[in-house]
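pasting the sequence and the predicted coordinates here, then a few questions.
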Amino acid sequence: MMGVIGTVAAFIGVLVVLVLVHELGHFIAAKRAGITVQEFGIGFPPRIGSVVWRGTRYSVNWIPLGGFVKMLGEDGDIEAQRMRERGLSESAIERAMAGSFNRKPIAVRLVVLLAGVAMNFLFAIAAFALTLSVPSPVSVGPLTVTGVQAGSPAASVLRVGDRIVSADGRTFPRSSGLVQYVRQRAGSPVSMGVQRDGRTTIVRVTPRKLTDEQVQAGQGAIGFKWSAAVAEEPPVARNPAQALWEATKATGSIAIQIPGGLARTVAGLVGLAPNTGDARGPIGIAQATGEVLQQPLFDQLYFIGLLSVNLAVLNVLPFPPLDGGRMAVTVLEAVRRRRLSAQREALIYLTGFAVLIALVILVSIQDIGRLPGS
């Protein structure tokens, strides 16, 4: 198990990569659209150092929780108003604001806002394609008991060193198949073939139904730890084209499921319905990151791709101050054929930000309740 410092460092590292991928999408699209990018930052201020190249400041900052792209005019006409207050003429202001995000056509602004989400989807597809292109390690053969939980169903029938070879007379090529079979029979007796001291005996055990807390704590349906031989299976994809196609389908399938799970979580948090969602906040994601990074590369790539899909879907939701919220405001302006006032737009984003922070706090409290020992 990773220590706290290692878990936090791993979480920050993964977060920085995914957010920078996202911001790189905005950056590339803005540059190609002729929008002035004032700064591309790694981390958040205060600033450690920076360089200016081709009109853009590239900075490294002290708070390592992602990154940002600052575009001229993304805060509306506030900068133009400041220029007026300094006494600049309208012609001078027009020249200075020529590369303003806010003065580009609606379609261009939507493309720039959507580019970050698109980059996260592409990154996820690439990660999933890699998992489908490399041999995957799988546990095979009998399960060797390495530990037994006190008070569990296994405590009275299993010993350290036992080898579990069958369940209800069935054998399983993959060790995980036997584990899944037993878990699905919670509440019903299962006869397991156990090799002990050179002989095979049959023991009967009734798997328990696990709560979410028990699963998060790493408990099993019977209550024992195990190890097994490891073999490599050939890659799922036979060629790069198949890998990309299957990865794209997997990305779409995961993306479709995220809004529903998020809605169930939010409904549960505010008391409108039972919380049946599985959304995680920063604490839950950090815990999962620490656990996954101890697993084979195959699992790590899948997990990072999964996080990238989640980041993409969350950002495209029409909720300020997320990209989807900014796109919704942009479309609203197109329908109304006039811009929102800077004050009204700022109020919308501030309100959305406050609600977002409140939800993150509530989910984080839920995460703490799931931690082992809580």
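Good, I have the coordinates.

domain-wise, how is the chain divided?
4-33+104-133+286-370, 136-233 (automatic domain parsing).

I'd like to know which of those is closest to Glu90.
Minimum separation from Glu90 across the domains of the chain (CB to CB) falls at domain 4-33+104-133+286-370, 17.2 Å. All C-beta atoms are positioned from the backbone trio N, CA, C, and that covers glycine.

picking that back up, out of the domains of the chain, flag the one nearest Leu244.
Using CB to CB, the domains of the chain put domain 4-33+104-133+286-370 closest to Leu244, at 5.2 Å.

quick one: low-confidence ranges for the stretch 201-350 of the chain?
211-219, 271-279, 342 (pLDDT under 70).

tell me where it has helices.
For the stretch 201-350 of the chain, the helices defined by DSSP state H, counting those that start in this stretch cover 212-216, 240-269, 282-292, 297-316, 323-336, 342-370.

if you count neighbours, what's buried in the second one?
Along helix 240-269, the positions that meet the burial threshold by neighbour count (16 or more other CB atoms under 10 Å) are 243-244, 246-248, 250-251, 254-255, 258, 262, 264-266, 268-269.

who wins for proximity to Thr56 among the helices of the stretch 201-350 of the chain?
helix 323-336 (20.3 Å).

contacts only, for the residue most central in space within the chain.
Central residue of the chain (CA atoms, centre = their mean): Leu307, 2.2 Å from the mean position. Going by CB atoms under 8 Å, 6 or more residues apart in numbering, Leu307 touches Val14, Leu18, Ile285.

closest to Pro153 out of these?
For those, the nearest to Pro153 is Ile285 (31.9 Å; CB to CB).

number of nearby residues for the closest one?
Here the number of neighbours of Ile285 (other CB atoms under 10 Å) works out to 19.

for it, which non-adjacent residue is closest in space?
Of all residues not flanking Ile285 in the chain, Phe11 sits nearest, at 6.6 Å (CB to CB, 6 or more residues apart in numbering).

now that neighbour: how far from Glu291?
According to CB to CB, to the nearest Å, Phe11 and Glu291 sit 11 Å apart.

now do the residue nearest to the centre of the chain against Leu340, distance only.
Taking CB to CB, one finds Leu307 at 33 Å from Leu340.

my guess is Pro45 meets Asn61, correct?
Yes: contact criterion CB atoms under 8 Å: Pro45 and Asn61 qualify, at 5.1 Å.
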